[in-house]
Structures are given as C-alpha cells and as structure tokens.
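Q: Only the shape, not the letters, is given here:
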C-alpha cells in the first residue's frame, strides 16, 4: 500500500470528519458536531491530522497541545484500511508535531473496551497507566 497524505484539517473538512468518525471511530463524544470540530481547528490549528489516499479520508488523530501536555484523541482508521500501518503513520505525525512544539510525552484517550485499539497503541510504544483515571464533568452553558 502507498503511503497516505497526512495533512492538518481545515474548517471545510468538518462534515467529512464527522461522517468518517461514524464509520471508523469507536464511541461518540459530546463534541461530535460541526461547531466542535470547527472550534478545535480554530483553537489549535494543526491538531486534527487527516490521512488521505486518493482524496479519500482513511484515518484521523487529534494531537492537541496545551503548552504543557500532549494529548491524543480520535485515532481512527477506516475499517477497509486497517492493518496497513495507518495508525502508526498518524501517530508518527502527531509525535513529530509534539516535538516541534516542545512536547515531552504523549498521552492517549483509549476506551477500555476497545481491544483492537489497545494493540495499535501498544505497537506504537504506548502503555496504560493504571494509577491514573480520567475524571470528567460535562459543562453547561451559562
């Protein structure tokens, strides 16, 4: 298989990204809407990385950097393009972005029930930290 084109998302990609996540991503998020994707792109340009082959979206990863930590979300590969090294290619691009921004360590949001994802993350050198647990609180608009 030919290497994909890896590029940062632009606002015009929001609809296609959301449709792609419906097919390729595990689970949904409260930010899965065009406004949320557009806000991500505007707030952290370059964070949402897309993998394309022949103009078709085949993978995504969000490589967000807040100036302190490097956060990885939404690593997703189209079911028809899995086991071809796309996850690794996307993570390499994300890690390159982090290094360029001065990041020191990447951390990833990975669903506990997504065993397929566990294999991809481990193959890329990531490991769970059992002493950490994610705590969340949905924010309501005032």
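A: Yes, it's here. The structure displayed is predicted, hence computed values, not measured ones. Numbering: from 1, shown residues only.

Q: Could you list the low-pLDDT ranges of this structure?
A: Applying pLDDT under 70 to the chain picks out residues 1, 27, 142.

Q: tell me, what residue is most central in it?
A: In the chain, the residue lying closest to the centroid (C-alpha atoms, centre = their mean) is residue 61, at 2.1 Å.

Q: Remind me what the strand or helix carrying it packs against, helices and strands.
A: Assigned by DSSP states H and E, residue 61 belongs to strand 56-65. Judged by 3 or more C-beta pairs under 8 Å, 6 or more residues apart in numbering; DSSP states H and E, the packing partners of strand 56-65 are helix 14-24, strand 48-53, strand 70-77, helix 86-101. Quick note: C-beta positions are derived from backbone N, CA and C, even for glycine.

Q: gap between that strand and the chain center?
A: Counting by C-alpha atoms, centre = their mean, to the nearest Å, strand 56-65 is centred 4 Å from the centre of its parent chain.

Q: on that earlier part again, would you list the helices and strands packed on strand 56-65 in CSV and tack on distance to residue 119?
A: CSV is the format used below for those (distance: least, C-beta to C-beta, whole Å):
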stretch, distance to residue 119
helix 14-24, 16
strand 48-53, 18
strand 70-77, 12
helix 86-101, 9
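
Q: From one end of stretch 6-20 to the other, what's the distance?
A: Distance between the two ends of stretch 6-20: 16 Å, counting by C-alpha to C-alpha, to the nearest Å.

Q: quick revisit: winner for burial among the helices and strands packed on strand 56-65?
A: Across the helices and strands packed on strand 56-65, the average number of neighbours (mean count of other C-beta atoms under 10 Å) peaks for strand 70-77, which reaches a mean of 23.

Q: Give the pairing partners of it; include direction for each.
A: Strand 70-77 has its sheet partners listed here by DSSP bridges as strand 56-65 (antiparallel), strand 106-108 (parallel).

Q: Pick the most deeply packed of these.
A: For the strands paired with strand 70-77, average neighbour numbers computed from mean count of other C-beta under 10 Å are highest in strand 56-65, which has a mean of 22.
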